[in-house]
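S.K.: Turn this into a model:
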Amino acid sequence: MDRRILKILLKKEVALMKRNAIIPRLIVVMPILVMLIIPFVTTLDVKNVGVAVVDNDHTQLSRRIIADMDASEHLSVVGCHFSYDEALRQIEEGDADAIVTIPEDYLNDLTNGNKPEMDLKANGVNATKGMLGAQYATMSIANTILRWQEEQGVSLSQHDVSTINLYNRHLDFRIYMIPALIVVLLIIICGFLPALNLVSEKESGTIEAMNVTPVGRLEFVLSKLIPYWVVGIIVVTVGILIGWLVYGLVPEGSVLDVYLAAILFSLVMSSLGVFIANMSATILQSIFTMFAFIIVFQLMSGLFTPIASMPQWAQCITYAIPPRYFIEIMRSVYLKGASISDLWGQYAALAGFALLLCLVAAKTYRKRV
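M.R.: Purely as a prediction, here's the structure:
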């Protein structure tokens, strides 16, 4: 490899990036917008679950149950009805997410030591909201009954259980998402931009001038990859700063471990982008091909859904998806304070993918002299 030629090519790539009206702004503006907006919009936290109540008991306890649900942070009583059909109508109209039916003589049965059942039905159209809403309502009712029994001096058979949520004490979904969003930014920016850059040279014809020069494959491919390693570092830095300044989230582990993983993953995605550009004749072809890879990466890497929840055959496929390892590193370093020694397998996998894809990108570049 001729370092002098590589240096000249890198100057050319930097000059092209500066002349481009979109790329410099995209590198800075996109991470800022994504990190500021997406954590507030893309969330699995369920709040304001509408509950329609059918009160057939009409006692002080039933009114207290209703009041406690309405005072909950996650629940909102949208109506108290005399019949189930009226409550079901609110579900059908989309005004309620769950129906709680308090049976007749509920207080009397509870006072006599019986265990009356309270009926709770959740709207399954939105499965996440219905499932969590039903759990919130069940917990609210159970807490109200426990407090009422204590006030009445009734002996309780339940035992108190202390729950501590490790690494994310308040179960804030934003804390879980912010490290993953940095991964998304690297996938898009370090994957798309090299592919579009190279294919645009094909369409404009400037690549033909490069083909008749003594520039080797390796120098040419590295000149396309190295600028986007730097871009990856910039994106990660912007993400870390916004996570700290806006959300108060800083890595529990070493920031250097985050940067090392980001450099390896930037190499993986930029090499993939160059490989796709080598196999594409037009910008449209490269966009669609890269988009297909990005969809698979986001859906099967554990970014939004846990890998353990996938079918066994799908879990095996995820081992061939590079973002899986980067996401594990980011969340472990950010939330658990893990180090390279704890995550050496993930780092080794990223390094292996980076080396393999870099060689493939260089091999598939067809230089005609």
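S.K.: the helices in the stretch 201-350 of the chain, which residues?
M.R.: Here the stretch 201-350 of the chain has its helices, by DSSP state H, counting those that start in this stretch, at 206-211, 217-245, 255-278, 283-300, 312-318, 322-331, 344-364.
S.K.: Just send those helices back as CSV, with distance to Leu6 too.
M.R.: In this view, the C-beta of every residue, glycine as well, is placed from N, C-alpha and C. Converted to CSV, the helices of the stretch 201-350 of the chain look like this (distance: least, Cβ to Cβ, whole Å):
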stretch, distance to Leu6
helix 206-211, 13
helix 217-245, 5
helix 255-278, 15
helix 283-300, 24
helix 312-318, 35
helix 322-331, 25
helix 344-364, 13
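S.K.: want to try CSV for the ones you listed, with mean pLDDT as columns?
M.R.: CSV is the format used below for the helices of the stretch 201-350 of the chain (pLDDT from 0 to 100):
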stretch, mean pLDDT
helix 206-211, 68
helix 217-245, 83
helix 255-278, 89
helix 283-300, 86
helix 312-318, 90
helix 322-331, 90
helix 344-364, 89
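S.K.: closest one to Glu117 among those helices?
M.R.: helix 312-318 (37.1 Å; Cβ to Cβ).
S.K.: Which residue of the protein lies farthest from its centroid?
M.R.: When distances to the mean C-alpha position of the chain are computed (Cα atoms, centre = their mean), the maximum falls on Asn112, with 49.8 Å.
S.K.: Next up, the contacts around it.
M.R.: Listed by Cβ atoms under 8 Å, 6 or more residues apart in numbering, Asn112 has no contact partners.
S.K.: Now it. Its backbone dihedrals?
M.R.: phi -80, psi 10 (degrees, to the nearest 10).
S.K.: try Glu104
M.R.: Backbone torsions of Glu104, given as degrees, to the nearest 10, read phi -70, psi 140.
S.K.: Nearest residue to it in space, please, no chain neighbours.
M.R.: Spatial nearest neighbour of Glu104, chain neighbours left out: Asn56 (4.4 Å); criterion: Cβ to Cβ, 6 or more residues apart in numbering.
S.K.: That neighbour contacts Pro116, correct?
M.R.: No. With contact defined as Cβ atoms under 8 Å, Asn56 does not count as touching Pro116 (11.0 Å).
S.K.: Between these two, which contacts overlap?
M.R.: In terms of Cβ under 8 Å, 6+ apart, Asn56 and Pro116 are both contacted by the residues Pro103, Tyr106.
S.K.: coming back round to it: will you turn the helices of the stretch 201-350 of the chain into TSV that also has mean neighbour count and distance to Val29?
M.R.: Formatted as TSV, those follow (neighbours: other Cβ atoms under 10 Å; distance: least, Cβ to Cβ, whole Å):
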stretch	mean neighbour count	distance to Val29
helix 206-211	13	27
helix 217-245	20	10
helix 255-278	24	19
helix 283-300	16	20
helix 312-318	11	32
helix 322-331	25	22
helix 344-364	17	27
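S.K.: closest to Arg174 out of those helices?
M.R.: Taking Cβ to Cβ, helix 217-245 is the member of the helices of the stretch 201-350 of the chain nearest to Arg174, at 9.3 Å.
S.K.: could you pull out the strands for the stretch 1-150 of the chain?
M.R.: With DSSP state E, counting those that start in this stretch as the criterion, the stretch 1-150 of the chain has strands at 49-55, 75-81, 98-102, 119-122.
S.K.: count of neighbours near Leu61?
M.R.: Leu61 has 18 neighbouring residues, counting by other Cβ atoms under 10 Å.
S.K.: What residue, apart from its backbone neighbours, is nearest it spatially?
M.R.: Spatial nearest neighbour of Leu61, excluding adjacent residues (Cβ to Cβ, 6+ apart): Leu107 at 4.6 Å.
S.K.: so that neighbour makes contact with Asn56?
M.R.: No. If you go by Cβ under 8 Å, Leu107 and Asn56 don't touch, sitting 11.2 Å apart.
S.K.: Tell me how far the residue nearest to Tyr334 when sequence neighbours are not counted lies from Phe326.
M.R.: Nearest non-adjacent residue to Tyr334, counting by Cβ to Cβ, 6+ apart: Pro179, 4.5 Å away. Distance of Pro179 to Phe326, given as Cβ to Cβ, to the nearest Å: 10 Å.
S.K.: coming back round to it: ok, the residue nearest to Leu61 - contacts?
M.R.: Asp57, Thr59, Gln60, Leu61, Ser62.
S.K.: per-residue pLDDT, the third one?
M.R.: The pLDDT attached to Gln60 in the predicted structure is 88.
S.K.: Can you give me the distance of the closest residue to it other than its chain neighbours to Ser62?
M.R.: In this structure, Gln60 finds its nearest non-sequential neighbour in Leu107, 7.5 Å apart by Cβ to Cβ, 6+ apart. In this view, Leu107 and Ser62 are 7 Å apart by Cβ to Cβ.
S.K.: Same check on Ala349?
M.R.: Ala349 is 57 Å from Ser62, by Cβ to Cβ.
S.K.: hang on, the earlier thing: closest one to Leu33 among the strands of the stretch 1-150 of the chain?
M.R.: Of all those, strand 49-55 comes closest under Cβ to Cβ, at 29.9 Å.
S.K.: circling back: reformat the strands of the stretch 1-150 of the chain as a markdown table; add mean pLDDT.
M.R.: Shown next, in a markdown table, are the strands of the stretch 1-150 of the chain (pLDDT from 0 to 100):
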| stretch | mean pLDDT |
| --- | --- |
| strand 49-55 | 88 |
| strand 75-81 | 88 |
| strand 98-102 | 88 |
| strand 119-122 | 84 |
